[in-house]
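Novice: sequence unknown, structure follows:
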């Protein structure tokens, strides 16, 4: 069953023993508390590095253009590839301090896809040397999308009962605001729910153990195609 914003508010009121009308538990405040907790849960799952919230976008390079806007829901870059047909070349990133040196070094070099490096500054992805064309595959972690109306549902990537953390967080904020003596106990419930989620989320694919990735090509595993 999908968990809606209205459902979260009802459960938080019940857990905090707050009335459905009046008091501290007004809808606008509970919606704000729900989004605080859902945003924190989103960050928890992102930091588990298990690809819960990943999308892919294609960036078409234009000759002579070095910066391109990233997707409107962009949060963090996961991988960037230059792509030609079915072949991918992973691009390495550069820092702002390296930009002048890289441009000097690349001036005599033909700006082929294999030579490109990237960086994200503000809301744009930059490439050096300045591209002459081609296609980029950008895998990125998308940001949390707030709930605003009663029928809005939490992400389908959240396992059943993970919303318990959200409900406990909302109830804890209500109890804290009302200086209720049960606030510390509610905080402990929230932390237990968080710990359980982290434990369950950290290894998403249990059928294959973690492995070392050769990100530089130094181990002789190949640097171009992944």
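Specialist: Thanks, I have it. Please read all numbers here as calculations on a predicted model, not as lab measurements. Numbers count the residues shown, from 1 in each chain.
Novice: and the lengthiest helix in the chain, average pLDDT?
Specialist: As assigned by DSSP state H, the longest helix anywhere in the chain is helix 27-47. Across helix 27-47, pLDDT averages out at 95.
Novice: who touches it?
Specialist: Defining contact as CB atoms under 8 Å, 6 or more residues apart in numbering, one finds that helix 27-47 is touched by 5, 8-9, 12-13, 52-53, 75-76, 141, 143-144, 146-148, 154-155, 157-158, 162, 165-166, 169-170, 173-174, 194, 197-198, 201. In this view, the C-beta of every residue, glycine as well, is placed from N, C-alpha and C.
Novice: ok, now which ones touch the residue nearest in space to the middle of the chain?
Specialist: In the chain, the C-alpha nearest the mean C-alpha coordinate belongs to residue 141, at 3.9 Å (CA atoms, centre = their mean). Residue 141 sits next to 46, 53, 54, 55, 75, 76, 77, 78 when contact means CB under 8 Å, 6+ apart.
Novice: now do 6 Å
Specialist: Listed by CB atoms under 6 Å, 6 or more residues apart in numbering, the contact partners of residue 141 are 46, 53, 54, 75, 76, 78.
Novice: how close does residue 177 sit to residue 32?
Specialist: Look at residue 177 and residue 32: by CB to CB, to the nearest Å, they are 11 Å apart.
Novice: What's the biggest strand in the chain, counting residues?
Specialist: For the chain, the strand that runs over the most residues, judged by DSSP state E, is strand 74-84.
Novice: Give me the buried stretch members for that strand, please.
Specialist: By 16 or more other CB atoms under 10 Å, the buried positions in strand 74-84 come out as 74, 75, 77, 80, 81, 82.
Novice: just for the chain, where's the confidence low?
Specialist: Flagging of the chain using pLDDT under 70 yields the residue ranges 1, 22, 99-112, 204-226.
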